[in-house]
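In: no sequence on hand, only this structure:
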């Protein structure tokens, strides 16, 4: 049976909602194998742990534990992966990325597509609404999370 | 007084040696501001914590804690940063990267240079010896750390 990317996204979306409930950056992710088995899931932990290195994708990757390789894995994330998380996908050879939305932030997924990573952009309105609401409410936290200075925010 | 990149590298090298003593991947890093003040330091923690997301650079970045931006910071690492860690540098706008060596592994530092990041490659023999010895002793662990499958190792 082919994998339904929306079903995978639902897990990442649950993580994003957990992050929101904790007062954090509401971005979630999950790592699956190509059979659809969940390997790890997580959400951004900047606020919760005071940890700027734990974006949603890195949290899901960490929670999946050590693996010899990642060719047969799918990274699912509620938001277009930033350069940090796109670099993770490239370095570890993750074969496919399923993305909830890329309207509120456009990261490195075009770069990954050009490198042969299969990209599935779902354009999920629920994911877009979650980020739109967050960015409006906490622009300071959002721009901190992507390393953008106040003076640069107009050009994002 | 201008900053001596070799003095910064010495801190990253200490971290790499700590990692080696712990039986881990011997790569170390440190984040400084442009005045030379240490913000955070760390080393690869794959073995120690069972955490594949903690490369040396991400460990140093995490240990530096939350910051509004990184323009005025220098990432120092004993080894050329992989794509994951190069993505970190790009996303967070780290202005300069000081690298111990790029002989045993060539990551994304040329890409960063093309994006305007100041790259200082020191070609430090001690750093090269540390990695050469490690790769010879534990090729399995090294290739796991960079997500390379056994079948691909000949082409690295």
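Out: Thanks, I have it. In this text, all values refer to a predicted model and were calculated from it rather than measured experimentally.

In: which stretches in chain A count as strands?
Out: With DSSP state E, the ranges of strands along chain A come out as A:28-33, A:38-43, A:73-79, A:96-101, A:118-121.

In: show residues contacting the first one.
Out: Here strand A:28-33 makes contact (CB atoms under 8 Å, 6 or more residues apart in numbering or on different chains) with A:3, A:8, A:11-19, A:38-44, A:55-57, A:59-61, A:63-64, A:72-78, A:94. No exception for glycine: its C-beta is placed from N, CA and C like everyone else's.

In: which among those count as buried?
Out: A:3, A:8, A:11-13, A:15-19, A:39-44, A:55-57, A:59-61, A:63-64, A:73-78, A:94 (16 or more other CB atoms under 10 Å in any protein chain shown).

In: what subset of the residues you listed is also close to chain B?
Out: Checking these against chain B by CB under 8 Å from any CB of the partner chain, the ones in range are A:59, A:61, A:64.

In: excluding its backbone neighbours, what's nearest the first one?
Out: By that I understand residue A:59. residue A:42 (2.8 Å; CB to CB, 6 or more residues apart in numbering or on different chains).

In: confidence score at that neighbour?
Out: pLDDT, residue A:42: 98.

In: residue A:63 is in contact with that one, correct?
Out: Yes. Counting by CB atoms under 8 Å, residue A:42 touches residue A:63, with 4.9 Å between them.

In: without its sequence neighbours, what residue ends up closest to the residue in chain A that chain B sits nearest to?
Out: Among the residues of chain A, residue A:87 lies closest to chain B, at 2.2 Å counting by CB to the nearest CB. Counting by CB to CB, 6+ apart, the nearest residue to residue A:87 once its immediate chain neighbours are dropped is residue B:87, at 2.2 Å.

In: before we move on, what about residue A:123?
Out: Using CB to CB, 6+ apart, the nearest residue to residue A:123 is residue A:101, at 6.0 Å.

In: show me the contacts for that neighbour.
Out: Here residue A:101 is in contact with A:78-80, A:121-125, A:127-128, A:131 (criterion: CB under 8 Å, 6+ apart).

In: kindly check the end-to-end length of stretch A:27-39 for me.
Out: End-to-end span of stretch A:27-39 (CA to CA, to the nearest Å): 18 Å.

In: buried set for stretch A:102-121?
Out: Neighbour counts over stretch A:102-121 (16+ other CB under 10 Å) mark A:102-105, A:107-109, A:111-112, A:117, A:119-121 as buried.

In: for chain A, longest helix please?
Out: Longest helix of chain A, by residue count under DSSP state H: helix A:5-21.

In: which helices and strands does it pack with?
Out: Taking 3 or more CB pairs under 8 Å, 6 or more residues apart in numbering or on different chains; DSSP states H and E as contact, the helices and strands that helix A:5-21 lies on are strand A:28-33, strand A:38-43, helix A:56-63, strand A:73-79, strand A:96-101, helix A:125-137.

In: return the set of residues that bridge with the most centrally placed residue in chain A.
Out: The centre of chain A sits closest to residue A:77, judged by CA atoms, centre = their mean, with a distance of 3.5 Å. Taking DSSP bridges as the rule, residue A:77 bridges to residue A:29, residue A:99.
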